[in-house]
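**Q** Got a predicted model here, sequence first, then my questions.
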Amino acid sequence: MSVVDTIEPVDRKDFVPGVRGTDKPPGKGDLAMALVFILPAAIGFLVFYVYPFIRGFYFSLTRYNLLGTPHFIGLDNFTKLFQDKLFWNALLVTVEYVLINIVFQTILAVAIAVLMHRLTQSTVIRGLILLPFLISNVIAALVWFWLLDYQIGLVNGFIAAIGFDKIPFFGDAAWAIPTIAMVNVWRHMGYTALLVFAGLQMIPGYVYEAASVDGSTEWQSFWRITLPLLRPILALVLVITVTGSFQVFDTVAVTTQGGPGNASRVMQYYIYQKGFTEGQFGYASALSVILFIILATVALIQLRLLRAGESDLA
Amino acid sequence: MATTTAPSRSAGVADTPVKTGGKINAGRVAAWAAMIILILITLFPFYWMIRTAFSTSKSLFSDPNSLLPVDFTWGAFKRVFGLATPAEAQAEGGSGAAVNFWLFLRNSIVYATLSTAGQVFFSALAAYAFARLRWPGRDKVFFLFLTALMIPPIFVMLPNFILIKNLGLINTFPGLILPYFFMTPFAIFFLRQFFLGINKEIEEAAKLDGAGHWLIFFRIILPMSWAPIITLFILTFINQWNDYFWPLLVGANDKVRVLTVALGVFKSQTPQGSPDWAGLMAAVLVAAIPILILFFAFAKKIVNSIGFSGVK
Amino acid sequence: MARMRKKLGAALIGVAALSLTLTACGGGGGSEGGGGSEGSAIDTSNASGDVNYWLWDANQQPAYQACADKFKQANPNINVKITQYGWNDYWSKLTNGFVAGDAPDVFTDHLSKYPEFITQEQLVPLDDTLTKDGFNVNQYQEGLADLWKGQDAKRYGLPKDFDTIAIFYNKKLLADAGVKEADLQNLQWNPQDGGTYEKLIAHLTVDQSGKRGDESGFDKSKVKVYGLGLDGGSGAGNGQTQWSMYTGSNNWTHTDKNPWGTHYNYDQPAFQDTIKWFASLIEKGYVPSVAAVTGQGQSSIFAAGKYALTTDGSWNIGSYYGSKGIETGVAPLPAGPSGKRASMYNGLADSIWVGSKNKPAAAKWVEFLGSPDCQNIVGEKAVVFPAIPAATDKAEAAFKAKGVDVTSFLVNVKDKTTFLFPITDHASEIEGIMHPAMDDVLSGKAPATSLSDANNQVNQLFG
C-alpha cells in the first residue's frame, strides 16, 4: 500500500513527488475555477464579439442595404463572390501587402528588440522607438502621404535633387502596395519590437551565462538560445501582426482609396466600399465571412507550426 | 517551507549587456550604426510634424521642402488649446471651430484609463485560466477567443452601436467603455503567452503549501508578470487613447467627447480640401504627450524588471 | 469573493440577454420613426423643442449659427443645435445614425447621396407642408429646386446654395509668360487642336531649364510648372472639376435626361473625342499625370506655385486665396464647339430625417433655412453662393469686399451656361466602374474607345 493512496484530497491521487505534471489529474481538473476566471472575459466575448458575428454571418446570407429589411437569399452572395474578379484582386493585393509588411516588420522588430536589449539600457531610446505607435494609423498615413507626395513631397524633392527620377509612390500601380506596406512597417515596428522585447525580458540571465561559459558567441547565443526561447512570443507576434495586416484599411482609405485602378483595393477596403458606400451590406458580409475563414485558418496553421501552446521556459 | 520569490538581480539580463571585454569590435559598431539609422527613420516624420506645427498653414506650400518652420508661429498650438479667436484661426488657415481642450483631455483620460484597466485585469484572469489551469477543451476555447481578432470590424461596429443605444448609454462613459472593458483577444493572447513561460516549480511549491488558485494568481503570478502587464497596459492605453471611430459614433456630446474626436476639426472638412496642417500636427503632438508621460513613468519599471530565476 | 463575482456575472448576463432581445427588435429597420409618411403635411404652427442640425463645412458653421440665433428670436420655443462633422466622418455618422435610430432631425444633403437616401426611405417629402405654409418654392435660382425632386416628383430638400466651376490662375506666372489677364476672358477649345485654350496652356507650361511648352526643346519629363492642373485624378464618371466643362461644351450630356436618367452616354464620340484630347494634354506634359496628382490636393500644389491655371469649384475659393506669395485671379471657362462655355451646376439642400422626433420644429427650421432671412446672412459671410438670387448678389458683394472677384463663377448662371450634376440611381457602383476605367484612359493605358465597354457595364446596372 503506497503512501499515495492515503493522501487527501482527491486531486492528489496521482501525485508522485518530483515528477512534473502528475499533480494534475486528467478530466475535469480546474474546470470550476477556470469558469470563474474566464467569466468576465466570456461575457465581453459573447456580447461584443460573438453576437455581432452571428448577426453578420446571418447577413451574409441575405440581400441587405442596412436600412431596409434583409432578404434571405441563401448562398447567392457566396457564388457571386467566387466569380467576382475584384474579390480575387482584393485577395491577391492583400496577400502581397501582408507578405511585404510582415517580412520587414518582423525582421526589423526582432533586430530592434535585440539591439535594445544588448546595446543600451536607455529608456529614452526605448521611448523613441515606440514613438510611431503613439500616433494613429490615420495621422501616420496623412503625414507620409505628404512626405511622399510626387510633386511637393520632401522625399521626392531629395530624390530629384540627387539626380534621379521622382517616384509616384502612391500613384503608380506597382509602387502603391509596397509604399503602404512600408508606411505601416514604420508605424508598427517599434510596437512589435516592444512585444519581442518583453519576451526577451522573461529569458533568465543564467541561461546566457551558462552559454557564455561554454564559449558561445553572441551570434550563436541569439540563434540557439534567444530565438527558441522566444517562441511563444514570436508566435504571438506573428499571429497578431499577420491578422492585423490582412485587415489593413485606414492607410488605404486616407491615401489611395483602392487605386490606382484597383492596385491597392485590399479586402477590408473592398468590404467597406461594398457595404457602406454601395449599400450591398449582405455581399460585404459574405466577403467578411470569407476573410474571417482565411484568417482563422492561417492563425491555426501558425499556432500549430510554432507550437505556441508550449514554452521551453516553463 | 516557503519558497522565496525574491528577485535575483544578478540573473536579469536587462541589467547588463553581455560583456565582450569592453573592446570596440566591428560587430558592435555595425550594431550601433543599424540602431542609429533605424532611429533616424523612425524620428524624421516627427521632426516634420514639429516643424509643421510651428508653421503657418497658409504659408506651408510656398516652401514645401523647407526643413525649418515656414513663417514661425505659435498659432497652431493656440488653436489646439482653444485660445485662438475664430478670426485669428481663419487668418492662418484654420477653421475657426472652438476646441474645449482641457475638457476633452479629461474625457480621454477617463476613457482610456478605465477601459484599459478593466481590459487588462479581466484579460489577465482569463489568460491565467488558459495558461495555467487545466480543464477540458481549454485550448479549443482559447482558439475560439482568439478568432475574435479576425472578426471584421464592419460586423462589430454597428451592432455594438445599436446595443449601446438600446441600453440608453449613448453619450455616456459606460457606453464608450463597455465593449472594451472585458477583454480583447489580443490582451488574452498576450498574457497567456507570458503566463505559459512562468516557471511551474514556483506554483507547485505554493500548491504544496496549500495555496489556492486565487492566491497563486494574485500573490505569485501577477507580481512575477509585472513587465508584460505594464507593457500590455501601455500598449492598450495607447490604442484606447488613439481610438477614433468608436468614440465618434458613441460619444459626440461634449461631456464625453474625447480628444481624438475633438481634434478632428483640424482634418479636412470639405471633399478634396486640405487639412489645417499646422493645427493638425500641433494637435497630434499635444495628444501624444500624455502617453509619452505615461510611458516614461513606467519605462524604468520595464527596464529594471526583475529577472526570474525561479527556485533558489 | 468568488460568490460575489458569480452574482455580478449573473447580473451582467441578464443585462446582456435583455439587450440582445432589444437589439433583435430594434436593429435593422430604420424606418420605425415615420415609415415614409405619405404626403401628410406637418403642422408647424405649434412647433417647439429641440432640433438637431448637422453640416460638414466648418467654414460655414458661423454663418448658420447666426441663422440659428435669428431663428431663435422669431421662435423662442425652438432650440436649434448645430453640430459639425468633417466630410469623411459626416456620411459615416449619418448612415450609422439612420440605422441606429440616432440621426439628426435636419441635415445638409448632397446631390450624390440623396438618391440612395430616397431609396432607403430616410427623407421626409416636404411638398404638402410647404403648400400648407404657403412657402414660395420658386424663389431660387433657376433649376435648383427641381434638382431635389425625387423620381416620385416629391420634393425632398429646399435648396441652400449652389456652386459652379471656373478657372483659377496664378497672376505672377501669367505675367512671367507675358500673358495679360484680359486674354483669359474669351478662350476657346476644340477636340482637334485645343484652340486658343491649349495654346495658352502650352505657353504657360515651363520645364526645369526654362523652356516653355510651345518652344522647341521643351522636355515634358522635367516639367517645373504645369500650364493646367489636374484635380486629384481622372474625375471618374462625372469629372466635375476635371473635364466636364469640356464635354459639356461639346454638345454632350452625361445621361439621356437629368435628373433621373437611366442611360449613360460614355460611348458617344463627342465624349470620347474630348477625353482623347484631354489625355493628349497630359501626354504632352502640359497637365500632370494621374499618378502625379495622387497626393496633396490641387489647391495645395497651386499654392506651391506649380500650376499656372486650375479648373476648380466655387466651394474651394477659400483654399486659393491667402496663400503666401501667391496672387490669385479667377477667369471664366473656355467656350467649346457648342459655341458656349459650360459649367457643372451643383447645389446643396437641407433634408428632414424620416425618424425625426420633432418634425414640426424641423420643418420650420428647414423653411427658415430656405428663406431670404437666413440666406442673406449666409451670403454676407462670403463662403458660398446662396440659392436665392438676392442673397447670391449679397455674396458677390461680400466676396468682392474680400478681394475675390466671383463674376466668372456667376457668369454661368447669368448666361445660362450651366448643366446639372448627373443624378441617377446606382451612383456608387457607377463610380466603381468609371473610376478605374477613366484612370486607365488618362494614364494612356487604354484608348478612349475602351470607355464604350465601361458604358455598357454602367447601363447594365439600370437593367
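**A** Structure received.
**Q** contacts and neighbour counts: CA atoms only from here.
**A** Noted.
**Q** So which residues of the stretch 151-300 of chain B form strands?
**A** Along the stretch 151-300 of chain B, no segments are classed as strands by DSSP state E, counting those that start in this stretch.
**Q** How about the residues of it by chain C?
**A** The stretch 151-300 of chain B has residues B:158-159, B:161-163, B:165-167, B:248-249, B:264-265, B:267-274 near chain C, with proximity defined as C-alpha under 8 Å from any C-alpha of the partner chain.
**Q** If you tally nearby residues, what's the number for residue 252?
**A** No chain was given, so I picked chain A. 23 (other C-alpha atoms under 10 Å in any protein chain shown).
**Q** um, chain C though
**A** Residues lying near residue C:252 (other C-alpha under 10 Å) number 19.
**Q** Hmm, residue C:273 and it touching each other?
**A** No: the pair residue C:252 / residue C:273 is not scored as a contact, 10.9 Å apart, by C-alpha atoms under 8 Å.
**Q** How about chain A, which of its residues are in the neighbourhood of chain C?
**A** Looking at chain C, the residues of chain A close enough under C-alpha under 8 Å from any C-alpha are A:36, A:39-40, A:43, A:47, A:66-70, A:145-146, A:149-152, A:168, A:170-172, A:255-256, A:259-262, A:277-278.
**Q** Need the residues touching each of residue C:252 and residue C:273.
**A** Counting by C-alpha atoms under 8 Å, 6 or more residues apart in numbering or on different chains, no residue touches both residue C:252 and residue C:273.
**Q** Now residue A:152: closest residue in space, sequence neighbours ignored.
**A** residue B:64 (6.0 Å; C-alpha to C-alpha, 6 or more residues apart in numbering or on different chains).
**Q** any idea where the helices of the stretch 51-200 of chain A begin and end?
**A** A:51-59, A:76-82, A:85-119, A:123-134, A:137-147, A:154-161, A:173-201 (DSSP state H, counting those that start in this stretch).
**Q** Counting by contacts, list what the longest one packs against.
**A** So the one you mean is helix A:85-119. Here helix A:85-119 touches helix A:173-201, helix A:231-246, helix A:267-272, helix B:26-53, going by 3 or more C-alpha pairs under 8 Å, 6 or more residues apart in numbering or on different chains; DSSP states H and E.
**Q** Highest mean neighbour count out of those?
**A** Of all the helices and strands packed on helix A:85-119, helix A:267-272 has the most neighbours on average by mean count of other C-alpha atoms under 10 Å in any protein chain shown, namely a mean of 24.
**Q** From residue A:221, how far out is the residue in the stretch 101-250 of chain A that chain B sits nearest to?
**A** Nearest residue of the stretch 101-250 of chain A to chain B: residue A:205, at 4.4 Å (C-alpha to the nearest C-alpha). As judged by C-alpha to C-alpha, to the nearest Å, residue A:205 and residue A:221 stand 12 Å apart.
**Q** what about these two, which has more around it?
**A** A count of neighbours by other C-alpha under 10 Å puts residue A:205 above the other of residue A:205 and residue A:221, at 22 against 16.
**Q** phi, psi of the more buried one?
**A** Note on residue A:205: backbone dihedrals following degrees, to the nearest 10 are phi -70, psi -30.
**Q** What residue in the stretch 51-200 of chain A comes nearest to chain C?
**A** In the stretch 51-200 of chain A, no residue comes nearer to chain C than residue A:171, which is 3.8 Å away by C-alpha to the nearest C-alpha.
**Q** Ok, the stretch 101-250 of chain B next?
**A** Going by C-alpha to the nearest C-alpha, chain C is nearest to residue B:162 of the stretch 101-250 of chain B, at 5.2 Å.
**Q** can you count the residues close to the closest residue to that residue other than its chain neighbours?
**A** If the residues on either side of it in the chain are set aside, residue B:162 comes closest to residue C:100, at 5.2 Å by C-alpha to C-alpha, 6+ apart. Here the count is done by other C-alpha under 10 Å, and residue C:100 has 26 residues near it.
**Q** Am I right that residue C:100 is in contact with residue B:168?
**A** No: using C-alpha under 8 Å, residue C:100 is not in contact with residue B:168, being 11.8 Å away.
**Q** Roughly how far does residue C:365 sit from residue B:203?
**A** Noted for residue C:365: a distance of 69 Å to residue B:203, by C-alpha to C-alpha.
**Q** higher neighbour count, the two?
**A** residue C:365 (28 against 20).
**Q** got a list of what that one touches?
**A** C:51, C:71, C:80.
**Q** in which helix or strand would I find it?
**A** Per DSSP states H and E: residue C:365 is located in helix C:359-369.
**Q** Next SSE downstream of that helix?
**A** Scanning onward from helix C:359-369 (DSSP H and E), the first element met is helix C:372-380.
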